[in-house]
Every structure is written in C-alpha cells, then in structure tokens.
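In: could you work out the structure for the sequence below:
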Amino acid sequence: MTRCSGKKNIVRLPLILSLLIGCISVGTHPALAQEKTSAFFMVGDYASPDWEKLSFSKTKAGLVLTYAYRQREDGVRLQPVGSKSEAGQRVLQVSMPGIRQLYTIRRDRAGERLIMTSQDGRYRKLFKLGYEGPVNGVGSYCTTCANEPADAFRLVDAYFASTR
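Out: Now for the predicted structure:
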C-alpha cells in the first residue's frame, strides 16, 4: 500500500511543479510588458554639435515635456498653454521660460516625426523618434522607454489630450 501511494505522489510531483512554474511565469509576465513612460524625439543626435531634444515623461505628478539642446543638456520644462486644431490636426501650444513667444508642436503629415515651430515662424524643426537602449550590443535596455513609434506617439497623444 505504501508503495502504491508513493507512486501516486511521484506522478503528481511533475504536475505540481509544472503548475507552480506556470504560476510563477504568469506572475512575472506583467513586469516584462512594463508601461512605457518616456519617449524622446531629436534633431540630430548627441554627436551633432546642434542637437535638440523633446522629451515626454509620465511621472507621478503628471506628464512632463522638456526641451533640451547642446548648451542646456539638462533641458527646460515647457509649459502647455493649450491645444487647438489647425487644418484638421491637433497642435499643442507651449511656452518656454524666459521667452515671450509661443511654440507649437504637432505631428508631421506622415505621423512619423514632431514639428516644433515658433509663433513668429523663424524656428521650425523636425524631431524624429529617438532610441534609448543598447547600440551594437553596448549599453543597457530601457524597459520604460517608448522606442517604437506606436508606443511613443501614444505617450505624445496622452500629453496632447491632457492640455485641452
């Protein structure tokens, strides 16, 4: 009788282990699909002498938009003034500390880049989606960075929607 019950326990052990491993895998899966909370768009790259960067970050305090450039790498926080529709497209209006005129930010027609324009029309730049992660196998992967266009523009759209 003991021998028979011992076999039952041996047969159940692999089943119990596979169920336990399955539960652990399911429990850790959401960490792999972490919410994307930051995206950035650049003119040039960090090696360019005239690079510029727009960063969208989702924080506990809300959504933050920062503009940085070579001479001010830490960036300045852009203040949303509002959003409007121009030619059927959503446009975000922002102000920059210490500068009197407004800037607008919108997607290009292809929906692949952001365009930032000054109110007087003297400044107009195209910002392409930046990538945060390993390059040629060097560097670390950023799990919260929106490196894919769909993820990045989802974050941008959330920012635009929050400034109505």
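In: average pLDDT for the helix or strand where residue 76 lies?
Out: Here residue 76 sits within strand 72-77, counting by DSSP states H and E. Taken as a whole, strand 72-77 has an average pLDDT of 91.
In: what strands flank the helix or strand that comes right after that strand, and is each parallel or antiparallel?
Out: Once the chain leaves strand 72-77, the next helix or strand it forms, by DSSP H and E, is strand 79-86. Partner strands and pairing direction for strand 79-86 (DSSP bridges) are strand 89-95 (antiparallel).
In: from what I can see residue 146 touches residue 41, true?
Out: No - with contact defined as Cβ atoms under 8 Å, residue 146 does not count as touching residue 41 (10.5 Å). Heads up, the C-betas are built off the backbone N, CA and C, glycines and all.
In: shared neighbours, the two?
Out: residue 152 (Cβ atoms under 8 Å, 6 or more residues apart in numbering).
In: tally of neighbours for residue 51?
Out: For residue 51, the count of nearby residues is 16 (other Cβ atoms under 10 Å).
In: pull the contacting residues for it.
Out: Residues near residue 51 by Cβ under 8 Å, 6+ apart: 42, 43, 44, 45, 69, 70.
In: for the closest residue to residue 74 other than its chain neighbours, helix, strand, or coil?
Out: With sequence-adjacent residues excluded and distances taken as Cβ to Cβ, 6 or more residues apart in numbering, residue 74 is closest to residue 68, at 6.8 Å. At residue 68 the chain is in strand, as set by DSSP: H, G, I helix; E, B strand; the rest coil.
In: give me the beta-bridge partners of residue 68?
Out: Under DSSP bridges, the residues paired with residue 68 across the bridge are residue 53.
In: that one contacts residue 78, doesn't it?
Out: No - the pair residue 68 / residue 78 is not scored as a contact, 10.5 Å apart, by Cβ under 8 Å.
In: who has more neighbours out of the two?
Out: The residue with the greater number of neighbours, taking residue 68 and residue 78 and applying other Cβ under 10 Å, is residue 78; the counts read 21 against 17.
In: now for that one: which residues touch it?
Out: By Cβ under 8 Å, 6+ apart, the contact set of residue 78 is 65, 66, 67, 94, 95, 96, 103.
In: which outside residues touch the host helix or strand of the first one?
Out: What that stands for is residue 65. In this structure, residue 65 sits in strand 62-69 according to DSSP H and E. Residues outside strand 62-69 that contact it (Cβ under 8 Å, 6+ apart) are 50-58, 74-78, 80, 94, 96, 155, 158-159, 162.
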